[in-house]
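Trainee: no sequence on this one, just coordinates:
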């Protein structure tokens, strides 16, 4: 099956600043991809490029189309939620639903209303009168009622409290994701979405610094809590990241066979958060 | 052709320049062909007819 | 046009009205209110017999006149409304492709399967066809209330009021002229509409400064490069406000199908294509 996203050598400059610097990305249908990076790493630019909201250079195909030429056609296949606050503030909730119903051929009004009825959003309120969490709920309810192949979420839970954040991802996974749809989520809060993901991409300073399936991480990365007597040997294998752990040292290795590391101490797979820190630090040494 | 399209759609400034260039060219060429002066369409207005004619008469007399 | 495309377009127009309800409904309504306050003040200062004479006079001179004959003169009370529509239209067009970029909601609008062509065209249709409807509707309400009050006063003061019915018909006919004037003027000024939309889509801030600044610059450039002043001449002829009002129904076809009108539509279209292409750059 063809990949839903194929990007080769994407470049985007803002003056001298390189927001995207040779980004290659392939995303297969049915995956949930996490695009993780610090603020200003190029996450938003990359996602906006995917859906034609930002002009980039390079080869780009999304759902079989070039988003730069056919944004409005592509938007029949793709939905987008950005960090809260992009819904027009002067619109009322029911007017928003009316608008989407009129312009989107794949919108199911009954479904949206069903989602909305489980929230406390009053249908006659203006969007500017809603709390941040409610706006996100509303946007999610709208988007979940649209039957598309690809959902792009850019920091969707930024600035929300923990209850809204948890509910957001619960709904996404239970009510929306069906194994066929593809979801791309960008965030800098790694821990929250770690368990959802099937594909992990780290981005920093406009470059992809890690691109792996979650299932591959076991084979690629090993974290070892080193016994003191093996420290010298472990250092020789060039860990990509070391940290102190309850008086011992925890080393993270890349592409070193686990069998080779087992004698040094207790081995395991690093958490995405640790891996993220490791890859970010690695980048700084270069 | 594709190259040209790419060049014109490169950024907001290229689009602006291209649009304004076409705009200027069309205006200047049309102006040159028609020898355009500030043309004012005559208005057939029953209520102000009288004043206009008076004005013309007066300026003609001068 | 298929059903979806039509529904999309109607939804876009509806969006424009909702977003700009202050410019299209609020502004003329406030003007109407001011007019009534002024009229009430005037009536309160006028002695009863003068009012009675005035009403009778109106009733007598308009009795039996055909509405289309009266319509041109009855456009006079609509002139402040037409000027307001002109200025609100200016504000509307400058903000039309700028406001949503400023408040970030552009990322929502552009995440819907609506093409840039439709978006930009919806703005043109809004200013040429939709906005004048609201102005005319407000004027209609004003005329209804005014005529009812005059009739009421007439009956109370015991003067003849039958002719006021003709006056009302004439006023309604004049509203048709007001609407046609607004529509024809939008087309006549399509180059200005295109220009404002182009810079509304272009500017990262203060579209008005860009629109005005570049305009002046281009005028100088023409003089400098080509040694001609066609732009200035052309603007002068197009800027003449006497072109903005249609006094006779029979003038409409002449205005619409004149060479100057068609050339203006061509030039305006060039600028609108520019605005449509500009809409790619929303960040």
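Mentor: Everything's here; your move. Model, not experiment: these values are computed from the prediction.
Trainee: And the strands in chain B, which stretches?
Mentor: Counting by DSSP state E, one finds no strands in chain B.
Trainee: near chain A, which residues of chain B?
Mentor: B:9, B:11 (CB under 8 Å from any CB of the partner chain). Every residue, glycine included, has its C-beta placed from N, CA and C.
Trainee: Let me see the ranges of the helices in chain B.
Mentor: B:2-8, B:12-34, B:49-61 (DSSP state H).
Trainee: Can you tell me what sits against the first one?
Mentor: For helix B:2-8, the surrounding residues in contact (CB atoms under 8 Å, 6 or more residues apart in numbering or on different chains) are B:14-15, B:18, C:277.
Trainee: which residues of the chain score low on pLDDT?
Mentor: No chain specified, so I'll use chain A. A:1, A:84-85, A:283-286 (pLDDT under 70).
Trainee: hm, I was asking about chain C
Mentor: Ranges of chain C meeting pLDDT under 70: C:1.
Trainee: For it, which residue gets nearest to chain A?
Mentor: residue C:11 (3.5 Å; CB to the nearest CB).
Trainee: Might you report the residue contacts of that residue?
Mentor: Neighbours of residue C:11 in contact, by CB under 8 Å, 6+ apart: A:98-99, A:102-103.
Trainee: Going by neighbour count, which of the residues you listed are buried?
Mentor: Of the members of the contacts of residue C:11, the ones counted as buried by neighbours, 16 or more other CB atoms under 10 Å in any protein chain shown, are A:98-99, A:102-103.
Trainee: Tell me which residues of the host helix or strand of residue C:40 come out buried.
Mentor: Secondary-structure assignment from DSSP states H and E places residue C:40 in helix C:27-45. Residues C:27-29, C:31-32, C:35 are the ones in helix C:27-45 that count as buried (16+ other CB under 10 Å).
Trainee: contacts with chain A among these, please.
Mentor: Among those, chain A is touched by none when using CB under 8 Å from any CB.
Trainee: and the stretch 151-283 of chain C, which residues reach chain A?
Mentor: So far as CB under 8 Å from any CB goes, the stretch 151-283 of chain C lies against chain A at C:280-283.
Trainee: Include neighbour count and distance to residue C:86 when you put those residues into JSON lines, please.
Mentor: As requested, these are exported to JSON lines (neighbours: other CB atoms under 10 Å in any protein chain shown; distance: CB to CB, whole Å):
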{"residue": "C:280", "neighbour count": "21", "distance to residue C:86": "30"}
{"residue": "C:281", "neighbour count": "20", "distance to residue C:86": "29"}
{"residue": "C:282", "neighbour count": "21", "distance to residue C:86": "28"}
{"residue": "C:283", "neighbour count": "17", "distance to residue C:86": "32"}
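Trainee: In helices, which of these appear?
Mentor: Per DSSP H, these never map to helices.
Trainee: Out of these, flag the one nearest to chain B.
Mentor: residue C:281 (4.3 Å).
Trainee: dump the residue contacts of the residue nearest to the closest one when sequence neighbours are not counted.
Mentor: Closest residue to residue C:281 apart from its sequence neighbours, by CB to CB, 6 or more residues apart in numbering or on different chains: residue B:12 at 4.3 Å. Neighbouring residues of residue B:12 by CB under 8 Å, 6+ apart: C:202, C:278, C:281.
Trainee: Tell me how many other residues crowd residue 16.
Mentor: Went with chain A since none was named. 5 (other CB atoms under 10 Å in any protein chain shown).
Trainee: The chain in question should be chain C.
Mentor: 20.
Trainee: where do the strands sit along the chain?
Mentor: Defaulting to chain A. A:5-14, A:17-27, A:32-36, A:57-62, A:78-81, A:150-154, A:182-187, A:199-204, A:207-213, A:221-226, A:241-245, A:248-254, A:265-268.
Trainee: any bit of stretch C:196-210 sitting next to chain B?
Mentor: Yes. Applying CB under 8 Å from any CB, one finds stretch C:196-210 touching chain B at C:198, C:202.
Trainee: so how far is that stretch from its chain's centroid?
Mentor: Put simply, stretch C:196-210 sits 21 Å off its chain's centre (CA atoms, centre = their mean, to the nearest Å).
Trainee: residues in contact with that stretch?
Mentor: Against stretch C:196-210 from outside (CB under 8 Å, 6+ apart): B:12, B:15-16, B:19, C:90, C:93-98, C:102, C:120, C:123-124, C:211, C:214, C:271-272, C:274-275, C:278-279, C:281.
Trainee: If we go by neighbour counts, what in it is buried?
Mentor: Neighbour-count burial for stretch C:196-210 [16+ other CB under 10 Å]: C:196-203, C:207-208, C:210.
Trainee: Columns distance to residue A:224 and secondary structure on top of those residues, output as JSON lines?
Mentor: Shown next, in JSON lines, are the buried residues of stretch C:196-210 (distance: CB to CB, whole Å; DSSP: H, G, I helix; E, B strand; the rest coil):
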{"residue": "C:196", "distance to residue A:224": "66", "secondary structure": "helix"}
{"residue": "C:197", "distance to residue A:224": "63", "secondary structure": "helix"}
{"residue": "C:198", "distance to residue A:224": "62", "secondary structure": "helix"}
{"residue": "C:199", "distance to residue A:224": "61", "secondary structure": "helix"}
{"residue": "C:200", "distance to residue A:224": "60", "secondary structure": "helix"}
{"residue": "C:201", "distance to residue A:224": "57", "secondary structure": "helix"}
{"residue": "C:202", "distance to residue A:224": "57", "secondary structure": "helix"}
{"residue": "C:203", "distance to residue A:224": "57", "secondary structure": "coil"}
{"residue": "C:207", "distance to residue A:224": "60", "secondary structure": "helix"}
{"residue": "C:208", "distance to residue A:224": "64", "secondary structure": "helix"}
{"residue": "C:210", "distance to residue A:224": "60", "secondary structure": "helix"}
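Trainee: Could I get the residues you listed in CSV, plus columns for distance to residue A:53?
Mentor: Below are the buried residues of stretch C:196-210 laid out as CSV (distance: CB to CB, whole Å):
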residue, distance to residue A:53
C:196, 24
C:197, 20
C:198, 20
C:199, 21
C:200, 18
C:201, 15
C:202, 17
C:203, 18
C:207, 20
C:208, 26
C:210, 22
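Trainee: List the contacts of the residue in the stretch 151-286 of chain A positioned nearest to chain B.
Mentor: Relative to chain B, the nearest point of the stretch 151-286 of chain A is residue A:206 (18.1 Å; CB to the nearest CB). Contacts for residue A:206 (CB under 8 Å, 6+ apart) come out as A:12, A:18-23, A:41-42, A:45.
Trainee: Give the closest residue to it in space, chain neighbours not counted.
Mentor: residue A:21 (3.7 Å).
Trainee: Could you pull out the helices in the stretch 1-150 of chain A for me?
Mentor: All helices of the stretch 1-150 of chain A, identified by DSSP state H, counting those that start in this stretch, fall at A:43-50, A:71-74, A:93-103, A:109-117, A:132-144.
Trainee: residue ranges with poor pLDDT in chain B?
Mentor: B:36-62.
Trainee: I'd assumed residue A:33 was in contact with residue A:47.
Mentor: No. Taking CB atoms under 8 Å as the definition, residue A:47 is not a contact partner of residue A:33, at 10.5 Å.
Trainee: which one of the two has more residues nearby?
Mentor: residue A:33 (25 against 21).
Trainee: neighbours of the closest residue to that one other than its chain neighbours, just the number please.
Mentor: Distance criterion CB to CB, 6+ apart; nearest residue to residue A:33, sequence neighbours excluded, is residue A:199 at 4.2 Å. Applying other CB under 10 Å, we find 21 residues neighbouring residue A:199.
Trainee: who are the neighbours in contact with residue A:199?
Mentor: A:27-28, A:31-34, A:212-214.
Trainee: Quick one: buried ones out of these?
Mentor: A:27, A:31-34, A:214.
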